[in-house]
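[1] what's the 3D shape of this:
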Amino acid sequence: MEKNSLPCMPKKPKKKYKNVTAISFTTSYPELIISFSGFERENDCLEFLDLVFQGLDMQHHKITEPVTLH
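    Have a look, this model is predicted:
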């Protein structure tokens with residue numbers, strides 16, 4: 001897939017995302033985890049989250065509190 005080839009994604013990312021980087025890894029089939037870092041403000045992170053999932057035309061759920069697994 002070409003860089004920025006998703007139909008709803010902007011061709012040039014906003015300047016405020018210039019320091020954002022990502023790593024991805026799998027835990028166990030069929031899970032994929034992607035972590036983005038380098039946001040200047042917390043609100044930038046939430047806006048970026050919406051932008052990514054909007055570009056994928058995929059629903060998502062924002063979890064703003066740490067998750068505790070038991």
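[2] So for this structure, which residue is the most central one in space?
    For the chain, the residue whose C-alpha lies nearest the mean C-alpha position (C-alpha atoms, centre = their mean) is Leu49; its distance is 4.6 Å.
[3] Centre of the chain to the worst-scoring helix or strand of the chain on mean pLDDT, how far?
    The least trusted helix or strand in the chain, going by mean pLDDT, DSSP states H and E, turns out to be helix 42-55, with a mean of 87. For helix 42-55, the distance between its averaged C-alpha position and the chain's averaged C-alpha position is 6 Å (C-alpha atoms, centre = their mean, to the nearest Å).
[4] Point out where the chain drops to low pLDDT.
    Regions of the chain meeting the criterion pLDDT under 70 cover residues 1-13, 70.
[5] ok, 80 please
    By pLDDT under 80, the low-scoring segments of the chain are 1-14, 62-64, 67, 69-70.
[6] Look up how far Asp57 lies from Ile23.
    The gap separating Ile23 from Asp57 is 24 Å, by C-beta to C-beta, to the nearest Å. In this view, the C-beta of every residue, glycine as well, is placed from N, C-alpha and C.
[7] should've said Lys14
    20 Å.
[8] same deal with Ser35?
    Distance, Ser35 to Asp57, by C-beta to C-beta: 22 Å.
[9] Leu69 too?
    For Leu69, the distance to Asp57 under the criterion C-beta to C-beta works out to 29 Å.
[10] of those two, who's got more company?
    A side-by-side neighbour count of Leu69 and Asp57, using other C-beta atoms under 10 Å, places Asp57 first with 9 against 3.
[11] what about the strands in the chain?
    Remark: strands assigned in the chain by DSSP state E are 21-26, 32-37.
[12] Export these as CSV, with columns for distance to Thr64.
    Written out in CSV, the entries for these read as follows (distance: least, C-beta to C-beta, whole Å):
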stretch, distance to Thr64
strand 21-26, 20
strand 32-37, 15
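[13] will you turn those into a markdown table that also has mean neighbour count and distance to Asp44?
    As requested, these are exported to a markdown table (neighbours: other C-beta atoms under 10 Å; distance: least, C-beta to C-beta, whole Å):
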| stretch | mean neighbour count | distance to Asp44 |
| --- | --- | --- |
| strand 21-26 | 9 | 14 |
| strand 32-37 | 10 | 10 |
